[in-house]
Structures are given as C-alpha cells and as structure tokens.
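Asker: Fold the following and give me the result.
(chains A and B)
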2 protein chains.
Amino acid sequence: MTAPTPAVTAEPRTDAPGPGAYMESELTSQPDTWAHAAAIAAEQRLLPAHGERVAVIGCGTSWFMGQSYAWLREAGGFGETHAFAASEALLHRGYDSVVLLSRSGTTSEVLEVSQRIPAGTRTIAVVGDAASPLIDLVDDVVALPFADEQSVVQTRFATTALALFRASLGESMTRAIEHAGVTIQVDIDPELVEADQFTFLGQGWTVGLAHEAALKMREAAQSWTESYPAMEYRHGPISIAAPGRVTWHFGPPPAGLAGEVAAAGARFECDDFDPMAQLVLAQRVALQRSRARGLDPDSPRNLTRSVILDA
Amino acid sequence: MTAPTPAVTAEPRTDAPGPGAYMESELTSQPDTWAHAAAIAAEQRLLPAHGERVAVIGCGTSWFMGQSYAWLREAGGFGETHAFAASEALLHRGYDSVVLLSRSGTTSEVLEVSQRIPAGTRTIAVVGDAASPLIDLVDDVVALPFADEQSVVQTRFATTALALFRASLGESMTRAIEHAGVTIQVDIDPELVEADQFTFLGQGWTVGLAHEAALKMREAAQSWTESYPAMEYRHGPISIAAPGRVTWHFGPPPAGLAGEVAAAGARFECDDFDPMAQLVLAQRVALQRSRARGLDPDSPRNLTRSVILDA
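Answerer: This is a model prediction of the structure:
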C-alpha cells in the first residue's frame, strides 16, 4: 500500500507581492463575484429542480457551503436536501440529483464519490476550474471561473457558489452584496486580531457559515477556533468562554446568548449584516491575524490548494 | 423577554472525596453498565422497528451518540436514520419514529422538540432519570437508571445508551466490554496529559465518538480540542498539527493518515480496541488533564448538569 501524499496542483506563485496578497484581493472581490453569480440565470437553472430529493457533496469549505444550501433549499420548500462530506456521503438513499461542489474539481474524494453515485441520478458539478477532471464525470457543469482563486485558503469561490445557490432559490442577493461592500472596508478592531480563541455560532443555514469561519481562522492564522449550532454551545463548548476569547454569532442570535457569553467573560460579536457579509468580516480578521503572526494564508502550513491522494 | 438562565438540577454534592471523583467512579463502571444495557432485551425491543425511517435527537453528548447510532442503524439495513441536535431538528420529513436521548430528561430543547413532533409519529425517550418530565411527553420510555450520573461531565450514560443501541441492532458487545475492562486500567502516558492540543477523528459511526471525546476534553480540562470525519482532516484542520499536539483516530484509520500526521510533527494515537473502549481511554486522559490543571470535571466552569432555560 502506498501512503497518500498530498500534491500541489496550483500554479506556483511567481509574482506574489506579499503574504496573503491573493487572499486579500480575492476576498475583497466578493461583492462583484456574488453579483455575477446572482445574474447567471441559465447556470442557476442547471441546479436541481423544485421537488427533487437532493444530496450536496463537498470537502472542507465546500461541505460547509453545502450545509447552508441544503438548509435553505429544504426550508424554502424545494425538497429534502442532505449535505455530506464526500468521504461520508450516504448515496443509497435514492436521491434525484447530486450536486458536487469543488473549487478545483480535482479533490480525490469528490472524484471517487462521483463514480459511486447510482445510475439514474442526475449529477451536477459546481466548479471554479472549468478544465477540471470532474466535468467529464457528471451530467451538467456550472463553472464559476470568475470566482476561482490562487490562494490556498479559499474565500470567494465558496461564497460565490453560495450566492449562486441562494439566487437559484429566488432570493435577492442585493442586500448581501451591499453589506459585503461595507464589511470589506470597515476597520478591524485590534482586539479581534489579538484574541486568544474564537468560537463561531449559527442557526439553520448559518451553521455552515460558522464552520467556514472557524476553518478560515484555523488555516490562515493557526488559531484555536471552534464552531457549533448556537443552541449546542451551552451543552459543553461554553466551558471554553473566558476573558480574551471571542464568541461570534452569524445572523440573529438566540435570546439570552449574549448575556451568557458576557457572564463567562468572553466578547460577544454579532451585527445586523447579512450573514455572508459577516463571514467576509471573519475572513478579514483571519487574514489580519495571519499577517500579525508572520504567516502566509496563500500557502499555509500542511495544506495544498487541492487534496489529491496518490493511488 | 426574559434572558435564559441555566439552572442546576443535580443534587448538590455533599460527600465528594475530591475533584473528579464522580467522573472517575462513573467512567470506570462502564464495562458493567454496558453489560447491563446489552442484556435488557425487552427495552431494546422498544427501539424503532426494522424498516422504519427514524430521527434520533439529542443535545451535546447525546447528539453525538445519536450520530453513531444513526450511522450503525442505517448501515445495518434497518432503515434511513437521521441524527439531529434538538435545536436544529427537521421534523417535517415524515419519520416513523423519533428517539429522544437525554440523561436528565429535563433539557429545554429536548422538551420543546418533543412537542413539535407531528402526530402519528411514535416517540421513544431514552433517559437516565426515570422521573424526568420527558417521560410524560412520549409514547415509550427506555430508562437506564443504572447508568445515571452525578458528575456534570457525563461519561457512562452516553456510552451505555450507545451499548443499548448497538445491542439492539444485533451486535455482540462482548468485545467492547472486554476492551473497556482493559482501557479503564492501562497507564496513561504523561505526554498525553501534557499535550498542547488534541484532534479526534473517526469514520462512519466513530465520527460521533470523535466529537464526544473532544467535548470531554473541552469540558473537563478546558483544552483546545477539535474533531472531524477523518478524511476531512486534510481539508484544512491538519494545519493545526504540530509537535506537542495529538491526533487521535477512533477505529481503523484511513491509509496514509498516520504518515501525514507524523510529517506534520504531531503524535498519532490509534489502537485496536473497540472504538467505545478507545473513548473510555480518552475520557481518562480528560480526567487526568483536568486534575493536572486543578479543575473539577464534576462541576466545570460555565456548565450545569442539564441546560434549562427559564421561560
């Protein structure tokens, strides 16, 4: 048995002007890439039809965006929708369609799972790289090359896919785009850059955003970060709340949470921006924390742009 | 609106001989309580019948045990089984039965969700305290008073419920019980007691055990701990692996994982014990880390035995 070895698939950086330069330019472009995704109605129509039973599959960031899409699609009455990490997907459940989300379209588990989908199931890939090997393995392809990225720590591809999903469900993205236009510019409180620990919380569709915010902080800044459904926080994880630590909620928080976090001595972050615009703010905190620690989120420790296992 | 205030519901400790005394006596009783659960066939028959579509609902530890049960039940061909945190349960999906797992049977979200279950769905509570208010809200009750606990950080109630579930699916618990008989006694490596950080991993039914191990370490020892499906680990979280940190896999690990963790400089923990016996070992590490830090897992910071919100 050959041990799997991650392989770098991105083009080597030759002209990067400094640590996190790609991440910075990519995350600040999100209002534009979201607007683009919201406008491409033909691509949105390739997504699963109303009433279908759907699985959404991805790895890491793509899994978290799949969680948000699944919740919104099902809550919107479009049909039961289950999100899976590719390695843990339960494909025997009789899905009408499977959506495979992958920036690179080269991730080993996504390619592998695409070949285990039962015949008769429609498969739709949502990818950043339109030349990916995944496109030959599926029935339909939604390519978002305008949101592809060079940074290993991805930001805009994930959120742009979610903007596409939200728009496909009939939601206007105008408010989210306006809010992100603000959160790419506001000053970041230095206390957030220096905090010891972050816990991100959400409810319903924003649980996936909380997981994604935590992953950004972990990858970019090697910080201690956690994430949970908000009401689960009191069932154990609140034991970590303390002075110097931050609890950050995406979307309207449950009653009483702010007080409980304050009682534990931690800082409670929450605002009225669209939750995707809040995520942009968390991405910016991750970038600033990364730079403050002398790290480079464009090529972080132990990570590559796409995880490919040698056969 | 009144802000929620957690309330202590356990009897006050009056005779505790020292920090973590309850947790220690409870966790070391697990081989006995598992054997008891495996033997109560009449209670096992109260669980959902073969072929039913089932939701399993809990909070915190009970949610994680529900994840393990759901995976095993569905993989065993007993029927589609979805696990939910009580606050995020999707109850409109047309389940035949709902299993509500709660040590105390007093947790606010569990009581609340029990009243949102559509009429015609059979409801089954699995509780530690047979006098809980939950028992009047369900069709059937499986009480496990022999596994109830006094420590706030729960160990044996959760695993005993899982032993009941596994036995109900036709699995022999003999090997798990034998292995736990070993893992309650083996020496704990001091390096584990001193480690900076733990990441717990699993696949399939052991993903729930990984989440539970992380929660124990967090609650009991206020340690930095994370948990993921094993193949997700390379999609970001492995950025945290470093010397002085531990990556611990429940059950047989995927090919190559040990090498990747070693390459990142972290310690890789994995053995051939039944995964529930491995969890007992993780509980013991959490207890020793708690004591080494001068903490008391029987009444940890910010936590109560049951989370009850004032109306």
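Asker: List the buried residues in the longest helix anywhere in chain A.
Answerer: Across chain A, the helix with the greatest residue count (assigned by DSSP state H) is helix A:275-292. The neighbour-count check on helix A:275-292 (16 or more other C-beta atoms under 10 Å in any protein chain shown) flags A:275-291 as buried. Where C-beta positions appear, they are placed from N, C-alpha and C, glycine not excepted.
Asker: and what of stretch A:19-27?
Answerer: So stretch A:19-27, judged by 16+ other C-beta under 10 Å, has buried residues A:Pro19, A:Gly20, A:Ala21, A:Tyr22, A:Met23, A:Glu24, A:Glu26, A:Leu27.
Asker: where's it relative to the chain centroid, distance-wise?
Answerer: Here the centre of mass of C-alpha atoms in stretch A:19-27, compared against the chain's by C-alpha atoms, centre = their mean, to the nearest Å, lies 16 Å away.
Asker: what does stretch A:118-138 rub up against?
Answerer: A:46-48, A:91-92, A:94-106, A:110-111, A:114-115, A:117, A:139-145, A:147-149, A:157, A:161, A:164 (C-beta atoms under 8 Å, 6 or more residues apart in numbering or on different chains).
Asker: Give me the buried entries from those.
Answerer: A:46-48, A:95-106, A:110-111, A:114, A:117, A:140-144, A:147-149, A:157, A:161, A:164.
Asker: Among those, name the ones in strands.
Answerer: Applying DSSP state E to the buried ones among the contacts of stretch A:118-138, the entries found in strands are A:Ser97, A:Val98, A:Val99, A:Leu100, A:Leu101, A:Ser102, A:Asp140, A:Val141, A:Val142, A:Ala143.
Asker: Low-confidence stretches in chain A?
Answerer: A:1-16, A:309-311 (pLDDT under 70).
Asker: if we go to 90?
Answerer: For chain A, the stretches flagged by pLDDT under 90 are A:1-18, A:105, A:130, A:234-237, A:239, A:299-311.
Asker: Domain ranges for it, per the record?
Answerer: A:21-172, A:177-292 (automatic domain parsing).
Asker: With respect to B:Phe200, which of those domains lies nearest?
Answerer: domain A:177-292 (13.0 Å; C-beta to C-beta).
Asker: B:Val307 is in contact with A:His235, correct?
Answerer: Yes: applying C-beta atoms under 8 Å as the test, A:His235 and B:Val307 come out as touching, 5.9 Å apart.
Asker: Between these two, which contacts overlap?
Answerer: B:Cys59, B:Thr107.
Asker: ok, A:Gln30 to A:Thr183 distance?
Answerer: 9 Å (C-beta to C-beta, to the nearest Å).
Asker: okay, which residue is most central for chain A?
Answerer: A centroid search over chain A (C-alpha atoms, centre = their mean) returns A:Thr61, at 3.9 Å, as the residue closest to the centre.
Asker: got the contact list for that one?
Answerer: Neighbours of A:Thr61 in contact, by C-beta under 8 Å, 6+ apart: A:Arg103, A:Gln154, A:Ala158, A:Glu212, A:Leu215, B:His235, B:Gly236.
Asker: Dump these into CSV; add distance to A:His249 as well.
Answerer: As requested, the contacts of A:Thr61 are exported to CSV (distance: C-beta to C-beta, whole Å):
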residue, distance to A:His249
A:Arg103, 27
A:Gln154, 23
A:Ala158, 20
A:Glu212, 14
A:Leu215, 17
B:His235, 24
B:Gly236, 22
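Asker: Tabulate those residues (CSV), appending distance to B:Ala83 and secondary structure.
Answerer: Formatted as CSV, the contacts of A:Thr61 follow (distance: C-beta to C-beta, whole Å; DSSP: H, G, I helix; E, B strand; the rest coil):
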residue, distance to B:Ala83, secondary structure
A:Arg103, 29, coil
A:Gln154, 28, coil
A:Ala158, 25, helix
A:Glu212, 21, helix
A:Leu215, 22, helix
B:His235, 22, coil
B:Gly236, 23, coil
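Asker: now these: which count as buried?
Answerer: A:Arg103, A:Gln154, A:Ala158, A:Glu212, A:Leu215, B:His235, B:Gly236.
Asker: Touching, the fourth one and A:Phe64? I think so.
Answerer: Right, the one you point to is A:Glu212. Yes: applying C-beta under 8 Å as the test, A:Glu212 and A:Phe64 come out as touching, 4.2 Å apart.
Asker: what touches both of those two?
Answerer: With C-beta under 8 Å, 6+ apart as the test, A:Glu212 and A:Phe64 both reach A:Ala158.
Asker: element containing A:His211?
Answerer: Using DSSP states H and E, A:His211 falls within helix A:206-221.
Asker: re earlier: how about the ones in strands among the buried ones among the contacts of stretch A:118-138 in TSV, adding distance to B:Thr225?
Answerer: Listed next are those as TSV, based on distance: C-beta to C-beta, whole Å:
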residue	distance to B:Thr225
A:Ser97	37
A:Val98	33
A:Val99	32
A:Leu100	31
A:Leu101	28
A:Ser102	29
A:Asp140	41
A:Val141	39
A:Val142	37
A:Ala143	39
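Asker: Looking at those residues, which is nearest A:Arg53?
Answerer: Of those, the one sitting nearest to A:Arg53 (C-beta to C-beta) turns out to be A:Ser97, at 8.0 Å.
Asker: gap between A:Glu74 and chain B?
Answerer: Using C-beta to the nearest C-beta, to the nearest Å, A:Glu74 is found at 7 Å from chain B.
Asker: thinking that residue is in contact with A:Ala83, fair?
Answerer: No: counting by C-beta under 8 Å, A:Glu74 does not reach A:Ala83; the two are 10.0 Å apart.
Asker: So between these two, which is more surrounded?
Answerer: A:Ala83 (25 against 20; other C-beta atoms under 10 Å in any protein chain shown).
Asker: and the more buried one, what does it touch?
Answerer: Counting by C-beta under 8 Å, 6+ apart, A:Ala83 has contacts A:Ala55, A:Val56, A:Ile57, A:Gly58, A:Trp63, A:Gly66, A:Gln67, A:Tyr69, A:Ala70, A:Gly208.
Asker: Where does the third one fall, secondary structure wise?
Answerer: Assigning secondary structure by DSSP H and E places A:Ile57 in strand A:54-58.
Asker: what does the stretch 151-300 of chain A put close to chain B?
Answerer: Proximity of the stretch 151-300 of chain A to chain B (C-beta under 8 Å from any C-beta of the partner chain) is limited to residues A:197, A:203-204, A:207, A:215, A:218-219, A:222, A:224, A:226, A:229-232, A:234-242, A:254-256, A:259-260, A:264, A:300.
Asker: Go through those residues and flag which are in helices.
Answerer: A:Val207, A:Leu215, A:Arg218, A:Glu219, A:Gly259, A:Glu260.
Asker: Among these, name the buried ones.
Answerer: A:Val207, A:Leu215, A:Arg218, A:Glu219, A:Glu260.
Asker: With distance to A:Pro133 as added columns, please give those in CSV.
Answerer: Shown next, in CSV, are these (distance: C-beta to C-beta, whole Å):
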residue, distance to A:Pro133
A:Val207, 31
A:Leu215, 25
A:Arg218, 28
A:Glu219, 24
A:Glu260, 48
